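Student: Quick check, what structure comes out for this input:
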Amino acid sequence: MSRVAFIDVQNTETTANKLLGFVIDWRKMHAYLADKWQCEKIFFYSGIQQGNDSLIQEYEELAKLGYAMRAKPFFIYKNKDSVINIKCPNCSTGINHTIEGGVKWKSNCDVELTVDAEKYASPHTEFLIFTGDGDFEYLMRDLVEKGVKIYIASSARKSRIGPRYFTSRFSSKLRELIKEKRGKVNFIDLNDWKYRIKKDL
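Tutor: Just a heads-up that it's a prediction; the model follows:
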């Protein structure tokens, strides 16, 4: 039985930082996956901002460590502006005010992860897939049909965004898939690994 890890870096970093309150040390992560989980290959999918020399250097060091790097440039998306109407409290005259939506940096490595996963899929492999993104549900179903045992590493923790509203970074599609394919698709709580993979700040 061989094991391969696929890390959706942007999704996993955001889950660790914003939801679980720690920063991942990618060197510790590699050591843990290679030693404890005996992964023969560890793929690292991430966007990178052109001109970010320090991050480029860090990624070069991670590649030397043994990660199979799949880094691609970020694209800049402009968020939609919104218009609000402000009324004068004295005369009730309305004024339209535009609030700029700003920009969002995004790099989508879904295709690269999918191609790599399909290449290694066999009944004799186990995959650790680090993501909470429901877009990978279709891929995971296909992998299960090919006999792959899957571990999804993320966090199912919900965070409060209002008096009665909660949000989660772990897709409901993946929750349902784990229930449906129990034993074939398994969940790893990233927070359980916190003290093995967190960066010492």
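Student: Tell me how many other residues surround the closest residue to R196 other than its chain neighbours.
Tutor: Nearest residue to R196, sequence neighbours excluded (C-beta to C-beta, 6 or more residues apart in numbering): Y32, at 5.2 Å. Where you see a C-beta, it was placed from the backbone N, CA and C, and this is true even at glycine. Number of residues near Y32 (other C-beta atoms under 10 Å) recorded here: 16.
Student: ok so Y32 is a helix residue?
Tutor: Yes: counting by DSSP: H, G, I helix; E, B strand; the rest coil, Y32 is found in a helix.
Student: confidence score at it?
Tutor: Listed pLDDT for Y32 reads 98.
Student: my guess is G66 meets A31, correct?
Tutor: No: in this structure, G66 is not within contact of A31 by C-beta atoms under 8 Å, at 9.5 Å.
Student: what sits in contact with each of those two?
Tutor: With C-beta atoms under 8 Å, 6 or more residues apart in numbering applied, the contact sets of G66 and A31 do not overlap.
Student: hang on, the earlier thing: the residue nearest to R196 and I197 touch, don't they?
Tutor: Yes: counting by C-beta under 8 Å, Y32 does reach I197; the two are 5.9 Å apart.
Student: who touches stretch 41-48?
Tutor: Taking C-beta under 8 Å, 6+ apart as the rule, stretch 41-48 contacts 4-10, 26, 30, 33-34, 55-56, 59, 62, 66-74, 105-107, 109, 112-113, 116, 120.
Student: What subset of these is buried?
Tutor: In the contacts of stretch 41-48, burial by neighbour count holds for 4-10, 26, 30, 33-34, 59, 62, 67, 70-71, 74, 107, 109, 113, 116, 120, counting by 16 or more other C-beta atoms under 10 Å.
Student: In helices, which of those residues fall?
Tutor: Applying DSSP state H to the buried ones among the contacts of stretch 41-48, the entries found in helices are 9-10, 26, 30, 33-34, 59, 62, 113, 116, 120.
Student: Could you point out the longest strand of this structure?
Tutor: strand 39-48 (DSSP state E).
Student: Flag every buried residue along that one.
Tutor: So for strand 39-48, counting by 16+ other C-beta under 10 Å, buried means 39, 41-48.
Student: Nearest to R182, out of these: which one, please.
Tutor: The closest of the buried residues of strand 39-48 to R182 turns out to be C39 (C-beta to C-beta; 23.1 Å).
Student: Is that closest one bridged to anything, and to what?
Tutor: R3 (DSSP bridges).
Student: And it, how far from Q50?
Tutor: Going from C39 to Q50 by C-beta to C-beta, to the nearest Å gives 30 Å.
Student: give me the low-pLDDT residue ranges for the chain?
Tutor: Applying pLDDT under 70 to the chain flags the ranges 74-79, 81-82, 88-89, 97-107, 159-167.
Student: quick one: the strands in it?
Tutor: Counting by DSSP E, the chain has strands at residues 2-8, 39-48, 68-73, 75-78, 82-87, 94-99, 103-106, 125-130, 149-154, 158-160, 166-168, 185-189.
Student: State the distance from the residue nearest to R196 to L55.
Tutor: 22 Å.
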